[in-house]
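A.B. asks: Sequence first, predicted model second:
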Amino acid sequence: MMNDMAQDATAEGGRRIGEVILDLQHISLSFGGVNALTDISFDVREHEIRSIIGPNGAGKSSMLNVMNGVYHPQKGNILFRGEPRQKMDPHTAAAQGIARTFQNIALFKGMTVLDNIMTGRNLKMKCNLLEHALFWGKAQREEIEHRKKVEDVIDFLEIQSIRKTPVGRLPYGLQKRVELGRALAAEPTLLLLDEPMAGMNVEEKQDMCRFILDVNDQFGTTIVLIEHDMGVVMDISDRVVVLDYGKKIGDGPPDEVKNNADVIAAYLGTSH
Amino acid sequence: MLYREAGQFKASYKEDQQIFPIRQDRVGMAVILAIFFLAVPMFASEYWLQAILIPVLIFSLAAIGLNILTGYAGQLSLGSAAFMAVGAFGAYNFMLRIDGMPFIVALILGGLCSALVGVAFGLPSLRIKGFYLAVATLAAQFFIVWALVKFPWFSNHSSSGVISAQEVNILGFAFDTPVLKYLLTLAVVVVLALLAKNLVRSTTGRRWMAVRDMDVAAEVIGIRPMRAKLSAFAVSSFYCGVAGALYAYTYLGTVEPEGFNLDLSFKILFMIIIGGVGSILGSFLGAAFIVLLPIFLNVFMHSVFAGSLPAGLGSNLELIVFGGLIIFFLIVEPHGLARLWTLAKDKLRLWPFPH
């Protein structure tokens, strides 16, 4: 099933992929003496599924953190929709339509599924504190209006039955799904997924793949994906970038990357 | 059997988002309000009103304030009593210095003064967390009490900073009897509790809780931690400030800065820990528990050991039992009385057929 869907996605791929939305030029990032990323350049095109792969510690998550403004690279330029950005904080990134999920689930544990996903829409809610306190008229209308959008996300991810459950009580696979829901609630143009399938069994992975492909297909969301499951990466990605020790060693369509000598060496080692 | 929600269908999100979505809860709440607004003033004695009900209500309000900050926004604070002092002295000065100042306006202005001071002392929360923040808020506790004693302007140059609350007068109607003071306190507390409940179930509350649970993730979805934390400090201090003003005007009548000491801050902290961190209902339960238990123990000791114990031993025994009961409750239900209530409701929903 996964293969069929992946083929559909790639078959359509050429048609729907648009302009470059995020262009990373010569990014270097270091923490003290550790060089996390060294001179990395690649771009992300609109509507594509772009994967970042690499062994542990290659700098994949750092790359995502650079993209949404959590880390500030010492060198390099980032162009979002053609506009360069220098100083960037996560709030600005979110306002520009960049949403993400985390490698270790970063849900709000004390809140229900519904509240978690509602929080994803916080940037679109305009009422102020006093209006919230009165919860009358405008604030109530706004809450209901956004609740409708959130219910669409809940339907999409098929988690209707757990909407009032505190997320701390949910199993791992569902928590990952709720986290995706929270990111989707913001209606992002660019969605960064940090190992959305880590620690899942085959069925859960299939579900997650389906959601990712559906998001990409139905909403046209651009997706940057970090994943260790090579089967998944090769099946659903349009283009793959390979990092190793903070350097880029491969970039291109899955088939090309698969046969790249440097990539094989990084994953399997070389004979000397 | 009585607590069934079968047949109550919610056809709109508006119905689903009510504070009490279950009809029995709404009826229960109406009955409770009717008892406290109508029955209690008719039957309660002056002692009950003055020594029990009014302080429970005022401490509930302060506990809601601290709960907003600690329970919802996750910022520990040991300065609640100091913020109460700011509210009390603020309201006093507005009443004193502006002719014809309406009491309710002075109450709100006192709360706003407290909110401003709260924001100022909340600034360290942007850099430090947890226990370290609690220690930083101690600065507020000591500084404010010191300033109120040091600068006699605040207490209108009275000796040792003691202030006597002016007569409470709303639209020409004097609130001078215990019953009227009780009703005034109750009305203020009910309105503010409702507003607090609205806040915590709205986007503001979700922002607070998001910062509490996972601040990095909150930032990534576009919440500004600075705004969330400072707004929590402001709202929390406002509630404490109003509670402090009521403490002076409807409860004690005469207060001094030293009355708002660290002990009182701890008392409010215990209230939310026992009542339930992150629960508006818990603030009421915790306040009632902390105010009522010593009184209950006192009466109990006197009736059981009437005269057979030396006076000193009896009162120390009360303290020991009080401490023991607090530990007992924390072990049985670390999430507080409010959680016990929720669990009881969940059981009651299915009772007597638990399947």
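C.D. replies: Looks like it came in fine.

A.B. asks: where does A:K109 land in three-state SS?
C.D. replies: Reduced to three states with DSSP: H, G, I helix; E, B strand; the rest coil, the structure at A:K109 is coil.

A.B. asks: Next, the contact list for it, please.
C.D. replies: A:K109 makes contact with A:P166, A:V167, A:G168, B:D213, B:M214, according to CB atoms under 8 Å, 6 or more residues apart in numbering or on different chains. In this view, the C-beta of every residue, glycine as well, is placed from N, C-alpha and C.

A.B. asks: For the first one, grab phi and psi.
C.D. replies: It refers to A:P166. The phi/psi pair for A:P166 (degrees, to the nearest 10) reads phi -60, psi 140.

A.B. asks: returning to what we had before: show me just the buried residues among the contacts of A:K109.
C.D. replies: Buried residues within the contacts of A:K109, counting neighbours by 16 or more other CB atoms under 10 Å in any protein chain shown: A:P166, A:V167, B:D213, B:M214.

A.B. asks: For those, could you give me TSV that also reports secondary structure and pLDDT?
C.D. replies: Listed next are the buried ones among the contacts of A:K109 as TSV, based on DSSP: H, G, I helix; E, B strand; the rest coil; pLDDT from 0 to 100:
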residue	secondary structure	pLDDT
A:P166	strand	92
A:V167	helix	94
B:D213	helix	93
B:M214	coil	91
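
A.B. asks: nearest to B:W351, of these?
C.D. replies: A:P166 (22.7 Å; CB to CB).

A.B. asks: that older thread, distance to B:L343 for the buried ones among the contacts of A:K109 - can I get that in CSV?
C.D. replies: As requested, those are exported to CSV (distance: CB to CB, whole Å):
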residue, distance to B:L343
A:P166, 14
A:V167, 19
B:D213, 22
B:M214, 26
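
A.B. asks: Check these against B:G275 and report the nearest one.
C.D. replies: A:P166 (19.3 Å).

A.B. asks: Next, the spatially closest residue to the closest one that is not a sequence neighbour: phi, psi?
C.D. replies: Of all residues not flanking A:P166 in the chain, A:T112 sits nearest, at 5.6 Å (CB to CB, 6 or more residues apart in numbering or on different chains). Backbone torsions of A:T112, given as degrees, to the nearest 10, read phi -80, psi 170.

A.B. asks: Enumerate the positions of the one helix or strand A:I154 maps to that are buried.
C.D. replies: Using DSSP states H and E, A:I154 sits within helix A:138-156. Within helix A:138-156, the residues that qualify as buried are A:A139, A:Q140, A:E142, A:E143, A:H146, A:R147, A:K149, A:V150, A:V153, A:I154, A:F156, counting by 16+ other CB under 10 Å.

A.B. asks: On the pLDDT front, check the closest residue to chain A within the stretch 1-150 of chain B for me.
C.D. replies: Nearest to chain A in the stretch 1-150 of chain B, going by CB to the nearest CB, is B:Y13, at a distance of 4.6 Å. Listed pLDDT for B:Y13 reads 86.

A.B. asks: Point out the residues in the stretch 1-150 of chain A that sit beside chain B.
C.D. replies: Residues of the stretch 1-150 of chain A found near chain B (CB under 8 Å from any CB of the partner chain) are A:68, A:70, A:89-91, A:93-95, A:99-100, A:102, A:106-111, A:115, A:118-120, A:122-123, A:125, A:127, A:129, A:132-135, A:139-140, A:143-144, A:147-148.

A.B. asks: Name the residues that touch the helix holding A:I154?
C.D. replies: With CB under 8 Å, 6+ apart, helix A:138-156 has contacts from A:113-114, A:117-118, A:120-121, A:124-127, A:131-132, A:135, A:160, A:163, A:181, A:184-185, A:187, A:211, A:214, B:12-14, B:17, B:202-203.

A.B. asks: hmm, the helix or strand hosting B:F300 in reach of chain A?
C.D. replies: In the assignment (DSSP H and E), B:F300 maps to helix B:280-304. No: remark: helix B:280-304 sits outside contact range of chain A, by CB under 8 Å from any CB, the gap being at least 12.8 Å.
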